[in-house]
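Peer 1: take this sequence and fold it.
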Amino acid sequence: MNDSATLTAHTVPPRRLVWLRTEVDSWSTQGLITEEQAEQIRTRYRSEDHARSSIGRVLLLLGGGFVGIGLIWLVAAHLDALSPMTRFGAVALLWLVFLAGGEVLAARRASPPLVGAARLLAALGTGAVLFQAAQSLQVPAFEPRLVGLWAAGALLHGYLTRAYLPFLVGILTGLVWWFMQPLWDSQSGLTVVLLIGAAAVLAAGVAVLHDDRLDAFAWTWRTLAGAMALLALFVAAIPDIGGDGIDWSPWLVALLAVAGVAAVAAAVTRPGHQALEALGAVVVLAAAVLLALWSTGADSSDIDAADWAHAAISVAAYVGLAVALVALGTVREHAPLTWMAMTGLVVFTTFQSFAVFAPIVTGAWLFVVLGTVFLGTGFLVDRARRELAQALDTATDDEGATR
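Peer 2: Modelled structure (predicted):
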């Protein structure tokens, strides 16, 4: 007989844990399993929220983050007391120690927070090594290619070891490089909109490709896709944002091609409803570019019919995106998507209201109009979320009944 204490505990989303415990209680009541077996099943699963609430985990990760940032800071301070080769050797040695140490700890099944802290140090140390090498070679600091190499190294580390924290460092630094590289020589508002929308397409496509393979990575890619989609429509709705046109460059073309490949790969390998995520991101990109190209003027004191139409269509598009993200968050049990959609909708509606309504409706009436818009959009989004959740629950009950 197996001892329940020896079973490996698996973390699951809170909603799934509630469903599982309800089913286990039902199985036990019906005599399908014994009470001892039911207790073993309950012990084997725990909530993700509980698993992530360890104070020790937080302290270790904070410590790892501070040490890693400190290493980069030391590089930035030039370490004038040492020769360039000595500085590089010292930083590289520390990086190798953290890199090897994290994997040794993982092989010995050490505490996950301790392993995570060591891997975080290694991922941050990758940047320190690159910046120190660049300094020794007289390469200007903070060039986009250095940030890009750091992102590539951290992502490679994360994927090879299936480690989340190096992967997260790679995502954050890669996001910085995504915008920094094409905009290094010249900038324009429409180029920024195009890059934000393309980032949403790439992240959505990669998230779909990760489903059922690397769930934690898919979760992060999907969160990034939602954030970029909301940001793309927000920036595109700024009056006259696309007046300067697009500054085409080889890097911009390459990034758009990468995003397109990710969307096509998601559609080919995951046909059906899963491919709709990447397709939806493409639609958001197209809508954002069209809104940015629609120039209505930036004079807030002179609002005409074109300005009203631009604002109305922008709000409608944003509400549609928010509803879609709420639906996706409900289906995927991805709470951050729902909260991002609601928060983004409030911020966007406030911005549009003060940008368009304020010159016409002043004083208390402005808040009446703003409150009415909030109530209307909030009612639509919440009703859509409730109806979708009810439909999913009904489908789950029907599937259980057929079995």
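Peer 1: pretty sure Val235 contacts Ala229?
Peer 2: No: with contact defined as C-beta atoms under 8 Å, Val235 does not count as touching Ala229 (11.3 Å). No exception for glycine: its C-beta is placed from N, CA and C like everyone else's.
Peer 1: these two: who's more crowded?
Peer 2: Set Val235 next to Ala229 and count neighbours by other C-beta atoms under 10 Å: Ala229 wins out with 32 against 20.
Peer 1: show me what counts as buried in the helix or strand where the more buried one lies.
Peer 2: Assignment of secondary structure by DSSP states H and E places Ala229 within helix 215-236. Of all the residues in helix 215-236, those buried under the rule 16 or more other C-beta atoms under 10 Å are 217-236.
Peer 1: average pLDDT for that helix?
Peer 2: Across helix 215-236, the average pLDDT comes to 89.
Peer 1: now the helices for the stretch 151-300 of the chain?
Peer 2: 164-180, 189-210, 215-236, 250-269, 275-293 (DSSP state H, counting those that start in this stretch).
Peer 1: tell me the pLDDT at Trp365?
Peer 2: Among the per-residue scores, Trp365 shows a pLDDT of 52.
Peer 1: hang on, I meant Ala5
Peer 2: What the model reports for Ala5 is a pLDDT of 41.
Peer 1: hmm, back to that, next, the angle from the helix holding Ala229 to helix 275-293.
Peer 2: Using axes from the mean of the first three to the mean of the last three C-alpha atoms, to 10 degrees, the direction of helix 215-236 lies 20 degrees away from that of helix 275-293.
Peer 1: could you export helix 215-236 as CSV, CA atoms only?
Peer 2: Output for helix 215-236, consisting of C-alpha atoms alone and laid out as CSV, is shown next (Å, rounded to 0.1, in the frame of the first residue of the first chain):
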residue,chain,number,x,y,z
ASP,A,215,2.4,25.1,-19.9
ALA,A,216,4.3,27.6,-17.8
PHE,A,217,6.0,29.1,-20.8
ALA,A,218,2.7,29.1,-22.7
TRP,A,219,1.1,31.0,-19.8
THR,A,220,3.8,33.7,-20.1
TRP,A,221,3.7,34.0,-23.8
ARG,A,222,-0.1,34.3,-23.7
THR,A,223,0.0,37.0,-21.0
LEU,A,224,2.5,38.9,-23.2
ALA,A,225,0.3,38.5,-26.2
GLY,A,226,-2.7,40.0,-24.4
ALA,A,227,-0.7,42.9,-23.0
MET,A,228,0.8,43.7,-26.4
ALA,A,229,-2.6,43.5,-28.1
LEU,A,230,-4.2,45.9,-25.6
LEU,A,231,-1.2,48.3,-25.9
ALA,A,232,-1.2,48.2,-29.7
LEU,A,233,-4.8,49.4,-30.0
PHE,A,234,-4.3,52.0,-27.2
VAL,A,235,-1.3,53.6,-28.9
ALA,A,236,-2.9,53.4,-32.3
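Peer 1: just checking, what packs against it?
Peer 2: Taking 3 or more C-beta pairs under 8 Å, 6 or more residues apart in numbering; DSSP states H and E as the contact definition, the neighbouring helices and strands of helix 215-236 are helix 164-180, helix 189-210, helix 275-293, helix 305-332, helix 335-352.
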